[in-house]
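Q: Next come a sequence and a model predicted from it.
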Amino acid sequence: MGPVPSLWGIWFEADAWAAAFWPAAAALLCVAAVGYAVGVKRQRSCPPEAGPDQAVVAVRSRQILFYVGLLVVAFAILSPLDTLSQWLFSAHMIQHLLLLVVAPPLLVASAPLDPLWRAVPDRLRGAIVARGSRLTKFAAIRRVSMLLMSPWGALAVFAGTMWFWHIPGPYDLTLSNLYVHALEHTMFLAAGLLWWSRLINCPPLRAPLSTDTASMPATMIFLMATVAQNVVLAMVIGLATHPLYAPYAALAHRPAGLSALADQEWGAGFMWTLGDLPFSIALGRLWYLWLSSLEAEEEASVCHGVGGPQ
């Protein structure tokens with residue numbers, strides 16, 4: 001694997017950035033960026049549903065979110081962080097968190113479906129619609145799609161993806177096979193996008209969970225279940241008394257002089273704290289909205305009692 005990289009110095013080495021660069025991944029990100037820009041331009045030719053000023057602000061805000069989300073993905077897989085992930089379990093965990101809980105909410109909130117769809121050439125778009133129509137005729141495919149798109153189906157995919165890729169066998173394979181590593185990161189990003197789209201509206205799709213009073217309990221349970229499985233996985237890894245992953249245990253030296261077990265504990269700590277932060281923010285916002293709705297209902301009932309008939 002070469003000499004042990006410096007934990008901080010690697011970020012200032014041109015060779016480290018060049019070694020982490022993967023042309024195929026960079027090309028896909030560039031296609032997404034250009035496609036989104038083309039789609040947004042085509043959107044502008046359609047009359048906005050909201051007022052002109054509101055529409056411009058909304059589009060610009062979504063553009064910022066989309067490109068920041070792409071930059072987060074690029075940083076996770078095309079920067080020296082990817083090189084460090086071959087040496088440090090904790091660096092690999094940071095990659096996972098960026099792909100699961102940082103980039104996905106930004107991308108989902110940017111509502112990229114309509115712009116990206118508009119960027120597809122008309123002939124190809126027609127072929128996709130025709131193929132999709134034929135597939136939806138199969139009842140089994142419809143049932144599986146409905147299950148996966150449900151909140152609990154999305155949670156099962158999210159948790160299953162996390163747990164599977166932290167089993168020592170599959171995890172160790174990602175460190176020795178570039179294509180398995182790419183598959184792992186693709187699945188993390190896809191699972192994150194699916195999970196966050198159940199909570200954040202992504203026009204033209206509407207999130208099945210919302211912040212209205214009726215569905216708020218289900219949304220809170222959904223979030224708490226996600227946090228719980230994340231905490232359990234972090235505890236399993238962090239409280240292990242020996243290194244779980246053979247490639248890291250086999251290294252004679254690691255950046256910053258960390259032992260394999262200490263590195264594993266740091267990674268579990270990142271998963272437990274930083275990994276739960278977005279979910280905790282969402283829970284805090286729901287709690288605030290719930291208390292505000294209760295306060296509004298109480299004020300309305302008081303006003304009705306005072307001003308109503310005696």
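A: Thanks, I have the structure now.
Q: what bits of this protein have low per-residue confidence?
A: Residue ranges of the chain with pLDDT under 70: 1, 46-56, 210-214, 294, 297, 301, 303-310.
Q: which one's the longest helix in it?
A: helix 277-307 (DSSP state H).
Q: helices and strands around that one, which ones?
A: If contacts are counted by 3 or more Cβ pairs under 8 Å, 6 or more residues apart in numbering; DSSP states H and E, helix 277-307 sits against helix 216-238. All C-beta spots, glycine's among them, are computed from the backbone N, C-alpha and C.
Q: tell me the angle the helix it packs on makes with helix 277-307.
A: 160 degrees (axes from the mean of the first three to the mean of the last three Cα atoms, to 10 degrees).
Q: any idea how far the following helix or strand past helix 216-238 is from the chain center?
A: Following helix 216-238 in sequence order, the next helix or strand is helix 246-249 (DSSP states H and E). Its chain's C-alpha centre and that of helix 246-249 lie 27 Å apart, by Cα atoms, centre = their mean, to the nearest Å.
Q: Kindly report the same for stretch 182-193.
A: 8 Å.
Q: got the buried residues for the longest helix of the chain?
A: The neighbour-count check on helix 277-307 (16 or more other Cβ atoms under 10 Å) flags Pro278, Phe279, Ala282, Leu283, Leu286, Trp290 as buried.
Q: Ala19 against Thr83, yeah?
A: Yes: when contacts are counted by Cβ atoms under 8 Å, Ala19 is listed as touching Thr83 (6.1 Å).
Q: So those two - more neighbours on which side?
A: More neighbours surround Thr83 than the other of Ala19 and Thr83, with 20 against 15 (other Cβ atoms under 10 Å).
Q: How about that one, nearest residue that isn't a chain neighbour?
A: Excluding the flanking residues, the one nearest Thr83 by Cβ to Cβ, 6 or more residues apart in numbering is Ala20, at 5.2 Å.
Q: Tell me how many other residues crowd the one you found.
A: Applying other Cβ under 10 Å, we find 17 residues neighbouring Ala20.
Q: neighbouring contacts of the strand or helix carrying Arg131?
A: Per DSSP H and E, Arg131 falls inside helix 122-135. With Cβ atoms under 8 Å, 6 or more residues apart in numbering as the contact definition, helix 122-135 has outside contacts at Trp117, Val120, Ile141.
Q: run the last query once more with 10 Å
A: With contacts defined as Cβ atoms under 10 Å, 6 or more residues apart in numbering, helix 122-135 is touched by Trp117, Arg118, Ala119, Val120, Pro121, Ile141, Arg142, Ser145.
Q: now those residues: which count as buried?
A: Applying 16+ other Cβ under 10 Å to these flags Arg118, Ala119 as buried.
Q: Turn the contacts of helix 122-135 into CSV, columns for secondary structure and distance to Thr241.
A: CSV is the format used below for the contacts of helix 122-135 (DSSP: H, G, I helix; E, B strand; the rest coil; distance: Cβ to Cβ, whole Å):
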residue, secondary structure, distance to Thr241
Trp117, helix, 51
Arg118, helix, 55
Ala119, helix, 52
Val120, coil, 52
Pro121, coil, 57
Ile141, helix, 46
Arg142, helix, 47
Ser145, helix, 43
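Q: between the contacts of helix 122-135, which is nearest Glu13?
A: Of all the contacts of helix 122-135, Glu13 sits closest to Ala119, with 36.2 Å by Cβ to Cβ.
Q: so the closest one makes contact with Tyr36?
A: Yes: counting by Cβ atoms under 10 Å, Ala119 touches Tyr36, with 7.1 Å between them.
Q: Val59 is in contact with Arg42, correct?
A: No: look at Arg42 against Val59 with Cβ under 10 Å: they stay out of range, at 11.8 Å.
Q: okay, those two: which has more neighbours?
A: Taking other Cβ under 10 Å, Arg42 and Val59 do not tie; Val59 has more neighbours (17 against 14).
Q: Can you tell me how far that one is from Lys41?
A: 10 Å (Cβ to Cβ, to the nearest Å).
Q: Ramachandran coordinates for the residue lying closest to Leu88 once chain neighbours are set aside?
A: Nearest residue to Leu88 in three dimensions, chain neighbours excluded: Asp263, at 5.4 Å (Cβ to Cβ, 6+ apart). Main-chain torsions, Asp263, degrees, to the nearest 10: phi -60, psi -40.
Q: tell me the contacts of Asp263?
A: Contact analysis of Asp263 by Cβ under 10 Å, 6+ apart lists 87-93, 243, 245, 248-249, 251, 254-256.
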